[in-house]
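Novice: sharing a model that was predicted from the sequence below.
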Amino acid sequence: MKLLAFKNNVTSNFKNADYKKIASKVAVSIFRYAMLIAVGYTVLSPLFQIISNSLKSDADFMNTSVTWIPTAAFWQNYADALFVMDYWKALLNTLIVPVLSGLIEVVSCGVVAYAFARFKFPERKILYPLLLLTILVPVRMTFLPSFVNYRNFDFFGITKVIGDLIGKDLTINLINTPFTFYLPSIFGVGFQSGLFIMIYIQFLKGIPKELEEAAWIDGAGPIKTFIRIIVPSSSVAILTVSILSVIWHWNEYYLMGLYFNENQPLAVSLSNIMNLISLKGGDTINSHTGVAMASCMLFILPVLVFYLILQKKFIKSIDSVGIVG
């Protein structure tokens, strides 16, 4: 009898322990899904709101009972947005200037980072703090001297000297030209270049130096070693920098609006969308708010597709290069 009672007691304890484990797992799962739903709603609700408003007519905006789902999809908003933004021309300008300069930065920043990560030179003690300074100083603090420099561009003062000799003003006006973005990108001092260089440096520190030493023994120089060894081994960092560079250049409107009075990209057109609607649309546009929301969707759609295609590799690359915060 005592043995039977002991066995029943042990069995009861095991059952209670199993119930507690199951209950704790269920509670953790409920909490996890609740947090995911809350975070997902917080992140995606603005996008859903833009999509909903982009399909509303003026009557739907006036109807307080219409919140998320419009009474009927009003696709005319997208047609008006394409016209008001001059979308295809602005898209081409975006690809030619900010996106292309962002891709140039991917290459130039990789070269600069390789020099910082692998070579010891006397100027490094001065240049490295300056590199950090480019990250800390916001671009809004340097836009005025940059504008003056591009408005009266003089390469190391050479054109001024020649102009004084021949009696002509040879300074070049680079405003409204792609060179306002191309030149900084080529020399590794473009938009967010400091951060991209730091990402490359962080990754290159993890590549074994023995690979490069083996290449040097085989007679490869620094350039050949960089092309044959470093670039194939840095695909993860290159992908990370490429996505960040393209998206940040795509969204940049402040410098683009400063340097370009004509042939403006999508970001500048979107920042002035209400003025463009009033100037080009006038009374012919049914819903100004709907057209503005449709313009937002047309602006983010290419970047959204670009990110969705590469998002799995991007998340893995973020973990590899050690980006935090």
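Specialist: Yep, it's here.

Novice: contacts made by stretch 241-249 with the rest, please.
Specialist: For stretch 241-249, the external contacting residues (C-beta atoms under 8 Å, 6 or more residues apart in numbering) are 98-99, 101-103, 105-106, 109-110, 181, 191-192, 195-196, 199-200, 303, 306-307, 310, 314. C-beta coordinates here come from the backbone N, C-alpha and C atoms, glycine included.

Novice: using PDB, write out every CA atom in that stretch.
Specialist: Below are the C-alpha coordinates for stretch 241-249, written out as PDB (Å, rounded to 0.1, in the frame of the first residue of the first chain):
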ATOM      1  CA  VAL A 241      26.600  48.900 -47.900                       C
ATOM      2  CA  SER A 242      24.900  48.700 -51.300                       C
ATOM      3  CA  ILE A 243      21.400  48.400 -49.800                       C
ATOM      4  CA  LEU A 244      22.000  51.200 -47.300                       C
ATOM      5  CA  SER A 245      23.600  53.400 -49.900                       C
ATOM      6  CA  VAL A 246      20.900  53.000 -52.500                       C
ATOM      7  CA  ILE A 247      18.100  53.500 -50.000                       C
ATOM      8  CA  TRP A 248      19.700  56.600 -48.300                       C
ATOM      9  CA  HIS A 249      20.500  58.200 -51.600                       C
END
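
Novice: which parts of it are buried?
Specialist: Neighbour-count burial for stretch 241-249 flags 241-246, 248-249 (criterion: 16 or more other C-beta atoms under 10 Å).

Novice: now find how far off-centre that stretch is within its chain.
Specialist: Centroid separation between stretch 241-249 and its chain, computed with C-alpha atoms, centre = their mean, to the nearest Å, is 4 Å.

Novice: same deal with stretch 194-201?
Specialist: The answer for stretch 194-201 is 14 Å, by C-alpha atoms, centre = their mean.

Novice: what do you get for stretch 32-42?
Specialist: Counting by C-alpha atoms, centre = their mean, stretch 32-42 is centred 24 Å from the centre of its parent chain.

Novice: export it as CSV, just CAs?
Specialist: Output of stretch 32-42 as CSV, limited to C-alpha atoms (Å, rounded to 0.1, in the frame of the first residue of the first chain):
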residue,chain,number,x,y,z
ARG,A,32,5.8,36.5,-28.1
TYR,A,33,2.9,36.7,-30.6
ALA,A,34,1.4,39.6,-28.8
MET,A,35,4.6,41.5,-29.1
LEU,A,36,5.1,40.6,-32.7
ILE,A,37,1.6,41.7,-33.6
ALA,A,38,2.0,45.0,-31.7
VAL,A,39,5.4,45.7,-33.3
GLY,A,40,4.1,44.6,-36.7
TYR,A,41,1.1,46.9,-36.4
THR,A,42,3.2,49.8,-35.3
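
Novice: how close does residue 171 get to residue 73?
Specialist: Distance, residue 171 to residue 73, using C-beta to C-beta, to the nearest Å: 54 Å.

Novice: so who does residue 105 touch?
Specialist: Residues in contact with residue 105 (C-beta under 8 Å, 6+ apart) are 185, 188, 190-193, 196, 241, 245, 249.
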